[in-house]
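Colleague: Just need the structure, nothing else, for what follows:
(chains A and B)
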Amino acid sequence: MAETYQEGSGAGADFDLSQFYQIFFEEAGENLDQMEQMLLNLDLSSANDEELNGIFRCAHSIKGGSATFGFSDVAELTHQMESLLDRLRRHELQPIPQMVDVLLESADASRSLLARHQAGGQGEAVSTTSLVRRISDLAAGLVPDDAAPVAAPPPPPVAVAPAPAPKASAPAVPGQARQLEIQIGPLDRPEQADAIKELFRDIPGLGAIRDVPGSQANTRVFAVETTSTNDDLLDLFAFHVAKEQVLIRDAAASGEAATAEADDEPMVAVDTSGGEAPYGFFNGAPGAPHGEAAAAAHAPLAQAPKAAPKASAEPKVAMQAQMESTTIRVDVKKVDQLINLVGELVITQAMLAQNSRGLDAGAYQQLLAGLADLDRNTRDLQESVMSIRMIPMSIVFSRFPRMLRDLANKLGKKVELVTLGEATELDKGLVEKITDPLTHLVRNSCDHGIEMPADRLAKGKSEHGTITLSASHQGGSIVIEVRDDGRGLSREKILSKAQERGIEVSDQMSDADVWQLIFAPGFSTADEVTDVSGRGVGMDVVKRNIAALNGSVEIDSAEGYGMKVSVRLPLTLAIMDGMSVGVGEEVYILPLSSVVESFQVNADDVSTVAQGSQLVKVRDEYMPVIALEKIFQVPRFDLNKSSNIMVVVEADGSRVALLVDELLGQHQVVVKNLESNYRKVPNVSGATILGDGTVALILDTGGLVRRARH
Amino acid sequence: MQSILAVDDSPSMRKMVSFTLTGAGYHVVEAVDGQDALEKAETHNIDLVLADQNMPRLDGIGLTRKLREHPKFKTIPILILTTESSDQMKQAGRTAGATGWLVKPFDPNRLIEVIQKVIR
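Modeller: So this is what the prediction gives:
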């Protein structure tokens, strides 16, 4: 089974196969993705034929294509994979984890090899020697180290009376093709033996059978080549003849192998030794040319020239691929430039809208109608342009099944990954930046959260831990959750650790506050540092990265039952819906996503507590009041402070009421980074240009809420 | 012009076979697997079937068997394209009623050569 792949005929000299390369590369990539997916989903204990055949077909397709197009290294590797998979789907071997491992690694290697060919031979060379050896060892039934035996268990016994069957002289080695001589008889009806022949025809992979002239009238003799064991054969034959009527002999041992070769009815009309004939016809088959069969089979194979991939052919290939595709690849810079221009357009439109406000609707009817159209079109254009940058979360999620599998293997844990809401779209810039923090969270869940299988069983949980990754839109933001059903956070452990680190804590802290402690720099609750996580750089980095994206992280946990980390992010960084409020002469923008409500308060509902801080009572609930004029030190118009308009904003799970002078309106604003243009300002997350050309600051509601807490 | 039904689940192989045969002056009908081929064979006038062996839904030998059950396709040449050239495969192909086989990978020129032997 470990034969080497013979490089077959490539393309003819006058044939330029390179025009098909691009299609092949895409197809092979899809096949590899599909194979990886199926391998990851494969349940080793109950792998069904459908799955195994599907995986086999992927390897088979890649092998066929790569051999045809002259990528012999890929063909060689996939040929080995195919051989192993073939034995698995024939149930000659029992699938074991090592096989999945080596197949996954081989898929990776194939990908690298193909990428190299696609780049015209550029890039790092990949050696597949050890992979090929490992696969062929596994295919031969050799199991590395302490793994379980791979030979397929015998099929369940067929319900017939156990009769002592004559055993063959040669030991039955599963998986290896053996030449047997099978004698059936004495028979009452000769067609019983024909039924045996039909078995070989109907059961793929059982082997080949042909008649051998027998000496007795009521006995039939067959020459059989099969990989099945004698017991398996007997079980199958038992449907048609009694076991006592079957005699299986090793053909070589019985000394009749030679005579069997000189058979009067050859199976096929050509010499098939070694299976090297490039093509052939069956004698007497419909449409087969007369006298051609033998000649064709003996034709030399050597003259087929090899098609070497030509780097010079690449541009043509790329052009062809583009014609076939319905998508185009565009430099992100171009998209960003477009978004920037649309942003400017939005500002211009807002200025026009503002300046036209005082115009007489009768006299300027057409102009105003045009401006209304402009408003609508600008909005649509902005939405369309923004959607170019939106990509589905599946791009991020797709990396986790493999990562988690490798990780769980390393840690000796059993973990299942469930992903929800993969179609949820997120700005490309955010997707790139969220990948690392999410990876960290998933690693944490697997390493610290999920318990060892034995511990889980002892706690009455299922052996397999589950990590759920989900994404969903909630208002103007996207919420990504990493949830596990592991051991959860331990309040005591966190508190004592925090004390060790010199962080001020008290036993009266709420759970939410305790969980927030793990975001402190250098905080790790892992008892020992593992290869995976627990090096101390952790959650604080995650939190910082997410905060930099205007996002927030929340933790929910129940000891013994698991924990959930929710990451809330804005949909995009470039544009946001804002509410503008006036304080004195200044205009501030509040992110609409964090605005809960606004109302007028009675003086009675506001009470002053220690250190002059104020609380407002809203529907029997007290929340802190923040006077923006104090924070930004802007003079208010209303010197007698009779203004009583408050806007409630929510961030990090808490609410505060902001005291403002007036509510100006709601609009989309183009976010300009203050930090890169000026410097970081506390309580301010950015700036924007208003319709009248003035600059307004966008408030950092998270910062304001934290300020109110302390 | 004679029509060939090219059956392969791999788009690149299909493209290549189709390109090769079109270049040699044949009309090519493409099918993505055996099941698709059965439907295409019904609705097109086919002079020869060139089918990959390993395909989802219905493989080349299964396709051959089904086609031969139909009086219309009793005598039409059917060639099986395969990467396996084992006796087992050939025996199965022969029993199903295939005309012959062609081993992948193949040289486009050889494909034309083999087809010209069967239909003229």
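Colleague: From what I see, residue A:566 and residue A:554 are in contact.
Modeller: Yes: with contacts counted by C-beta atoms under 8 Å, residue A:566 reaches residue A:554, the gap being 4.6 Å. C-beta here means a position set from N, CA and C on the backbone, and glycine is covered the same way.
Colleague: Can you tell me the SS state at residue A:410?
Modeller: Put simply, residue A:410 is helix when judged by DSSP: H, G, I helix; E, B strand; the rest coil.
Colleague: That one: neighbour count?
Modeller: Each residue near residue A:410 was counted by other C-beta atoms under 10 Å in any protein chain shown, and the total is 13.
Colleague: now the one 3 residues further on
Modeller: A count of neighbours around residue A:413, defined by other C-beta under 10 Å, yields 22.
Colleague: quick one: pLDDT of it?
Modeller: In the predicted model, residue A:413 carries a pLDDT score of 90.
Colleague: ok, now residue A:265?
Modeller: Residue A:265 carries a pLDDT score of 38 in this model.
Colleague: Please apply the same query to residue A:470.
Modeller: The confidence metric pLDDT takes the value 92 at residue A:470.
Colleague: residue nearest the centroid of the chain?
Modeller: Since you didn't name a chain, this refers to chain A. Of all residues in chain A, the one closest to the mean position by C-alpha atoms, centre = their mean is residue A:398, 1.9 Å from it.
Colleague: ah, I was thinking of chain B
Modeller: Among the residues of chain B, the smallest C-alpha distance to the mean C-alpha position (C-alpha atoms, centre = their mean) belongs to residue B:50, namely 1.4 Å.
Colleague: In the stretch 351-500 of chain A, which residue sits closest to chain B?
Modeller: Taking C-beta to the nearest C-beta as the measure, the point where the stretch 351-500 of chain A comes nearest chain B is residue A:398, at 22.5 Å.
Colleague: phi, psi of that residue?
Modeller: Summarising the backbone geometry of residue A:398 under the convention degrees, to the nearest 10, its torsions are phi -60, psi -20.
Colleague: where does the stretch 1-150 of chain A dip in pLDDT?
Modeller: A:1-15, A:144-150 (pLDDT under 70).
Colleague: Please pull out the lowest mean pLDDT helix or strand from the chain.
Modeller: No chain in the question, so chain A it is. The least trusted helix or strand in chain A, going by mean pLDDT, DSSP states H and E, turns out to be helix A:257-261, with a mean of 39.
Colleague: Chain B, not that one
Modeller: Least confident helix or strand, chain B: helix B:87-96 with a mean of 80, by mean pLDDT, DSSP H and E.
Colleague: And that one, how far out from the chain middle?
Modeller: Between the centre of helix B:87-96 and the centre of its host chain there is 15 Å, according to C-alpha atoms, centre = their mean, to the nearest Å.
Colleague: close to chain A, is it?
Modeller: Yes: in this structure, helix B:87-96 sits against chain A according to C-beta under 8 Å from any C-beta of the partner chain; the contacting residues are B:87-88, B:90-95.
Colleague: Who are the contact partners of residue 64?
Modeller: No chain specified, so I'll use chain A. Neighbour list for residue A:64: B:10, B:13, B:52, B:83, B:104-105 [criterion: C-beta atoms under 8 Å, 6 or more residues apart in numbering or on different chains].
Colleague: That was the other one, I meant chain B.
Modeller: Neighbouring residues of residue B:64 by C-beta under 8 Å, 6+ apart: B:49, B:51, B:78, B:80, B:93, B:96-98.
Colleague: do that again at 10 Å, thanks
Modeller: Under the criterion of C-beta atoms under 10 Å, 6 or more residues apart in numbering or on different chains, the contact partners of residue B:64 comprise B:34, B:49, B:51, B:53, B:58, B:73, B:78-80, B:92-99.
Colleague: In PyMOL, how would I select the buried members of these?
Modeller: One line in PyMOL is enough to select the buried members of the contacts of residue B:64, burial here meaning 16 or more other C-beta atoms under 10 Å in any protein chain shown:
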select buried, chain B and resi 34+49+51+53+58+73+78+79+80+92+93+94+95+96+97+98+99
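Colleague: Are we agreed that the residue nearest to the centre of chain B is in a strand?
Modeller: Yes: secondary structure assignment (three-state DSSP) places residue B:50 inside a strand.
Colleague: Test my guess that it contacts residue B:6.
Modeller: Yes: here residue B:50 lies in contact with residue B:6, judged by C-beta atoms under 10 Å, at a distance of 5.2 Å.
Colleague: what sits in contact with each of the two?
Modeller: Applying C-beta under 10 Å, 6+ apart, one finds that residue B:50 and residue B:6 are jointly contacted by B:17-18, B:21, B:26, B:28, B:37, B:81.
Colleague: and which of those is nearest residue A:692?
Modeller: Of all the shared contacts of residue B:50 and residue B:6, residue A:692 sits closest to residue B:18, with 64.2 Å by C-beta to C-beta.
Colleague: Using the three-state scheme, assign the closest one.
Modeller: What three-state DSSP gives for residue B:18 is helix.
Colleague: Share the number of residues neighbouring the closest residue to it other than its chain neighbours, please.
Modeller: Using C-beta to C-beta, 6 or more residues apart in numbering or on different chains and skipping residues adjacent in sequence, the residue nearest residue B:18 is residue B:28, 4.6 Å away. Residue B:28: 17 surrounding residues under other C-beta under 10 Å.
Colleague: A strand includes residue B:28, no?
Modeller: Yes: going by three-state DSSP, the assignment for residue B:28 places it inside a strand.
Colleague: Give the full set of residues in contact with it.
Modeller: Neighbouring residues of residue B:28 by C-beta under 10 Å, 6+ apart: B:3-6, B:14, B:17-22, B:50.
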